[in-house]
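**Q** sequence and predicted structure below; questions after.
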Amino acid sequence: NCIEILASSSTSMGRPVDDEGPTFRPTITSTPRRNDGLDDVVESIRAKAALQHIQLEEFKNIWYGDFKQYVRRKEAEFINEVRFRRQTTIQNLEKINEYHKVLDEISEELTVDINNMNATMAYMDGFAEGLPEKMFNLPSKANK
């Protein structure tokens, strides 16, 4: 009397691969009235295999669920960081544009001031050109 255990394996010699987990097939035949304990052993092995399969599924679900949760949390953190940086960048650009407008106004005012100063300098140069002759009633160089 023996029990044949077929486990899923890619090296099972000619046996079909079982992806659902281990398969247990008793090769003994017990008489229904005789209690030799083999039925209990077979039932125990089946129960352990089922329990291991359930535990594996629970482990996969928990691990995969936790992993998915972790990925979602990291994705949300990344999206929030991108939104924050985008908002900060927009605010900085708005400030830069405001500074640019102020600098443009200052530049225009300085250009007007420089033009006025140039006109004043040209007038002063023209006025100063004949000043000594006018002050001392000297003949101008042009009259010489």
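**A** Looks like it arrived, so ask away. Numbers count the residues shown, from 1 in each chain.

**Q** next SSE after the longest helix along the chain?
**A** Secondary structure assigned by DSSP state H gives helix 38-129 as the longest helix of the chain. Using DSSP states H and E, the helix or strand that follows helix 38-129 towards the C-terminus is helix 131-136.

**Q** low pLDDT regions in the protein?
**A** Filtered on pLDDT under 70, the chain yields the residue ranges 1-36, 138-144.

**Q** helices or strands up against the longest helix of the chain?
**A** strand 3-6, strand 23-26 (3 or more CB pairs under 8 Å, 6 or more residues apart in numbering; DSSP states H and E). For every residue, glycine as well, the C-beta is placed using N, CA and C.

**Q** switch the cut-off to 6 Å
**A** strand 23-26 (3 or more CB pairs under 6 Å, 6 or more residues apart in numbering; DSSP states H and E).

**Q** can you give me the distance of residue 65 to residue 51?
**A** According to CB to CB, to the nearest Å, residue 65 and residue 51 sit 21 Å apart.

**Q** scratch that, residue 118
**A** 98 Å.

**Q** now swap in residue 125 and tell me
**A** 107 Å.

**Q** likewise residue 122?
**A** As judged by CB to CB, residue 122 and residue 51 stand 104 Å apart.

**Q** burial measure for residue 59, as a count.
**A** Neighbour count of residue 59, defined by other CB atoms under 10 Å: 10.

**Q** circling back to that earlier point, tell me how far the longest helix of the chain lies from the chain's centre.
**A** In terms of CA atoms, centre = their mean, to the nearest Å, the centre of helix 38-129 is found 8 Å from the chain centre.

**Q** same check on stretch 124-133?
**A** Taking CA atoms, centre = their mean, one finds the center of stretch 124-133 at 73 Å from the center of the full chain.

**Q** residue contacts, residue 114?
**A** Contacts for residue 114 (CB atoms under 6 Å, 6 or more residues apart in numbering) come out as none.

**Q** against residue 91, how distant is it?
**A** In terms of CB to CB, residue 114 sits 35 Å off from residue 91.

**Q** also residue 40?
**A** When distance is defined by CB to CB, residue 40 is 75 Å away from residue 91.

**Q** for residue 43, same thing?
**A** Separation of residue 43 from residue 91 (CB to CB): 71 Å.
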